[in-house]
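> Kindly generate the corresponding structure for this input.
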Amino acid sequence: MKGGDAAWPKSKAPAARLGWARLPAQVGGHQTRFRPDFGSHLWALGRRWAGSLEAMNQVTNPRQRVVLLFGGRSGEHSISCVTAGSILRAIDRTRFEPVPVGISRTGRWTLEADDAEALTKHGSELPEVAGTGPEVLPPVVAGSNIWRVIEAGQVRDLGPIDAVFPLLHGPFGEDGTVQGLLELTDQRYVGSGVLASALGMDKGYMKRALAGCGLPVAPYQLVLAADWQADPAAVMARLEALPRPWFVKPCRAGSSLGISKVDQVADLAAAIDLAASHDPRVLVETTLKGREVECAVLGSLGGRPPRASLPSEIVVAGQHEFYDFDAKYLDGAGADLRCPADLPPEATAQLQALAVAAFQAIGAEGLARIDCFYDASAPPGEQFTINEINTMPGFTPISQYPQMWAVSGLPYTQLISELIDLALDRPLGLR
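Alright, predicted model coming up:
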């Protein structure tokens, strides 16, 4: 039983838990014939035995120690910090001991305080990892789960870690790089492996994988920075064949960073330059008609099929033309998030099946959010088109992924526990 120390109420002494408190007066419901001093001795012996059993329970069934890995080198650094603060508030501390490890914008891994307030968004002010704390060293030997800390020039053990929860969004964390490091040393971790993480991060390859499995995606073209710089006219001629308007996106960025909606050819070059400032791989795709809906997918223990939540819908509001960074994180009135989405039952079932199919198409594990467009006027079977897959979606309590599971009957704290359980249950090595 995991978290065995939570199985007994803390208010009861160890002796009372095992019934030893009654020994001076009675044993097995009968009055004792022992002298009072002998009975007291037996009671004390029982207390010591119970205490030993408690100590053994603490050793064999401690709380699972989980590294919360957040921050990182991507443009989504601060959003990752906010996610970590949310999990610190909500994680079940009777079962898990969180170990916060931040990655600064320069890539330094540091031990951070277990302080959710320090990782909270205040108005438009977003938190970040300063990188000034004790440096953390993950294991470098396969099979070791002992993490270490360098502090005041001395190396000390941080102790064994049971699982890692990578709360990293964007490149250098969500894209398979950190997952590869963890795989090299046999660390258990939440979420998708190297390939699925890389596919989910790169929208160009993701669309190829989904289309190769017969799943619907929007028409698109990939623009490489080298081709754009060498012959922009040739690139523009190729892009003009796509139906307008266009969305221009960095292939490997999230949180709508660097994204533009373009109606005129004259604005296309500036949009490509903006996207290329985030990523030398740029995706240009046809804007899809329809409602923007999402579905959350969650793995299951024991290798059983993944599950899909009730869907949600995003309705952009105010001055925002689409669900951009400001609408997501800074403008509280930037979008109306409707959860669950008001869809016909047959459409909900179709979206859930499509979300699971997309999850399996890229080999995702643990969790993913599948974003789609729904056009009720399209012929049956053609009403949904997949926009993208997010293998580490926003994970604050008000983010869409947890919200969808909450309305589906799985509250935030329990969702966190299930994801860690999935990581602990998953076999190491090739799978």
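
> show me where the stretch 301-431 of the chain has strands.
With DSSP state E, counting those that start in this stretch applied, the stretch 301-431 of the chain shows strands at 307-308, 312-316, 335-338, 367-374, 384-390, listed in chain order.

> Show me how far the third one is from its chain's centre.
Going back to what we said before, that points to strand 335-338. Between the centre of strand 335-338 and the centre of its host chain there is 21 Å, according to C-alpha atoms, centre = their mean, to the nearest Å.

> Can you list the strands that that strand pairs with?
Sheet partners assigned to strand 335-338 using DSSP bridges are listed as strand 312-316 (antiparallel).

> how many degrees apart are the partner strand and strand 367-374 in direction?
Our comparison of strand 312-316 with strand 367-374, counting by axes from the mean of the first three to the mean of the last three C-alpha atoms, to 10 degrees, yields an angle of 60 degrees.

> can you map out the strands along the stretch 151-300 of the chain?
154-160, 163-166, 220-224, 246-250, 260-262, 281-286, 291-298.

> residue ranges with poor pLDDT in the stretch 201-350 of the chain?
For the stretch 201-350 of the chain, the stretches with pLDDT under 70 are 254-255, 316-335.

> if we go to 80?
Within the stretch 201-350 of the chain, the segments meeting pLDDT under 80 span 253-257, 316-335.

> returning to that earlier point: quick one: closest of the strands of the stretch 151-300 of the chain to Arg208.
Closest approach to Arg208 among those (C-beta to C-beta): strand 220-224, 9.2 Å. Quick note: C-beta positions are derived from backbone N, CA and C, even for glycine.

> in stretch 239-250, what's buried?
Applying a neighbour-count criterion of 16 or more other C-beta atoms under 10 Å, the buried positions in stretch 239-250 are 239, 242, 246-250.

> Please apply the same query to stretch 392-406.
By neighbour count with 16+ other C-beta under 10 Å, stretch 392-406 contains the buried residues 392-396, 399-406.

> Now pLDDT and distance to Phe70 too, for the residues you listed, in a markdown table please.
Shown next, in a markdown table, are the buried residues of stretch 392-406 (pLDDT from 0 to 100; distance: C-beta to C-beta, whole Å):
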| residue | pLDDT | distance to Phe70 |
| --- | --- | --- |
| Met392 | 95 | 11 |
| Pro393 | 93 | 14 |
| Gly394 | 90 | 13 |
| Phe395 | 92 | 10 |
| Thr396 | 89 | 12 |
| Ser399 | 91 | 14 |
| Gln400 | 93 | 19 |
| Tyr401 | 96 | 16 |
| Pro402 | 96 | 16 |
| Gln403 | 96 | 20 |
| Met404 | 97 | 22 |
| Trp405 | 98 | 21 |
| Ala406 | 97 | 22 |
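
> Now do Ala364 against Ile161, distance only.
As defined by C-beta to C-beta, to the nearest Å, Ala364 lies at a distance of 24 Å from Ile161.

> okay, those two: which has more neighbours?
Under the criterion of other C-beta atoms under 10 Å, the comparison of Ala364 against Ile161 puts Ala364 first, with 26 against 22.

> and that one, what does it touch?
192, 196, 200, 297, 306, 389, 391 (C-beta atoms under 8 Å, 6 or more residues apart in numbering).

> coming back round to it: just so I know, which of the strands of the stretch 301-431 of the chain lies nearest Glu76?
Comparison of the strands of the stretch 301-431 of the chain against Glu76 by C-beta to C-beta identifies strand 384-390 as nearest, at 11.1 Å.

> Extract the C-alpha trace of the closest one and format it as CSV.
The C-alpha atoms that make up strand 384-390 are tabulated as CSV, following Å, rounded to 0.1, in the frame of the first residue of the first chain:
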residue,chain,number,x,y,z
PHE,A,384,-14.0,17.5,-36.8
THR,A,385,-10.5,18.5,-37.9
ILE,A,386,-7.5,18.1,-35.5
ASN,A,387,-5.6,21.3,-34.9
GLU,A,388,-2.9,20.0,-32.6
ILE,A,389,-1.9,17.8,-29.8
ASN,A,390,-0.4,19.1,-26.5
